[in-house]
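Below: sequence and its predicted model.
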Amino acid sequence: TFHRAFDLTRDPIEALDTVITLGIDRILTSGCAPSVEQGIETIQKLIVQAQGRTIIMPGGGINEQNAKTIIQKTQAKEIHFSGRTQIESPMKYRNEELAFSSASQSEYTHHITDTDRIRAILHAAKE
């Protein structure tokens with residue numbers, strides 16, 4: 001799988017043919033946009049251009065609410081999503097004056113894979 005570095009290309013249609021000639025069998029892309037929803041037109045074009053020579057796998061912001069629409073609009077055979085949920089740390093004492101990372105990230109939360117969200121996304125995709 002060619003990862004989302006593909007989304008940084010100047011011309012994704014031209015880059016697609018280059019990636020295919022390298023023998024890559026799958027490209028993970030948000031359509032060169034911050035999210036799949038924003039890049040959906042580019043993803044549609046890439047899938048048509050690929051003509052089955054490689055799999056175009058939309059990924060970036062796919063969730064329970066938009067999975068079905070994305071699949072319908074793009075005709076993608078595969079999608080990529082995290083299915084994650086943020087949870088609170090069980091720590092009792094919290095030193096609010098110290099942070100090991102950026103101010104936008106809490107030291108007292110983390111993400112986990114949420115099997116209920118994954119089931120919901122899969123259910124939405126199959127409808």
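Noted; the coordinates are in hand.

same for the lowest-mean-pLDDT helix or strand in the chain, what does it pack against?
Using mean pLDDT, DSSP states H and E, strand 109-113 stands out as the lowest-scoring helix or strand of the chain, at a mean of 86. Packing partners of strand 109-113 (3 or more CB pairs under 8 Å, 6 or more residues apart in numbering; DSSP states H and E): strand 84-88. C-beta coordinates here come from the backbone N, C-alpha and C atoms, glycine included.

How far away from the center of its chain is the strand it packs on?
Chain-centre distance of strand 84-88: 17 Å, with CA atoms, centre = their mean, to the nearest Å.

Name the nearest residue to H111, sequence neighbours excluded.
Leaving aside its chain neighbours, H111 sits nearest to R84 (4.4 Å; criterion: CB to CB, 6 or more residues apart in numbering).

bridging residues for that neighbour?
Beta bridges link R84 to T113 when assigned by DSSP bridges.

and it, how far is that from Y93?
Remark: distance between R84 and Y93 (CB to CB, to the nearest Å) = 26 Å.

again, but for I112
According to CB to CB, I112 stands 22 Å off from Y93.

do the same with R117
With distances taken as CB to CB, R117 is found 30 Å from Y93.

Doesn't K68 lie inside a helix?
Yes. If the criterion is DSSP: H, G, I helix; E, B strand; the rest coil, then K68 is within a helix.

got a list of what it touches?
K68 makes contact with A124, A125, E127 under the criterion CB atoms under 8 Å, 6 or more residues apart in numbering.

wouldn't F6 be in contact with L22 here?
No. Assessed by CB atoms under 8 Å, F6 is found out of contact with L22, at 11.6 Å.

Who has more neighbours out of these two?
F6 (21 against 9; other CB atoms under 10 Å).

quick one: contacts for that one?
By CB under 8 Å, 6+ apart, the contact list for F6 reads P12, A15, V19, I27, L28, T29, C32.

what about the residue nearest to the last one when sequence neighbours are not counted, distance to I118?
By that I understand C32. Of all residues not flanking C32 in the chain, D7 sits nearest, at 4.7 Å (CB to CB, 6+ apart). Counting by CB to CB, the gap from D7 to I118 is 24 Å.
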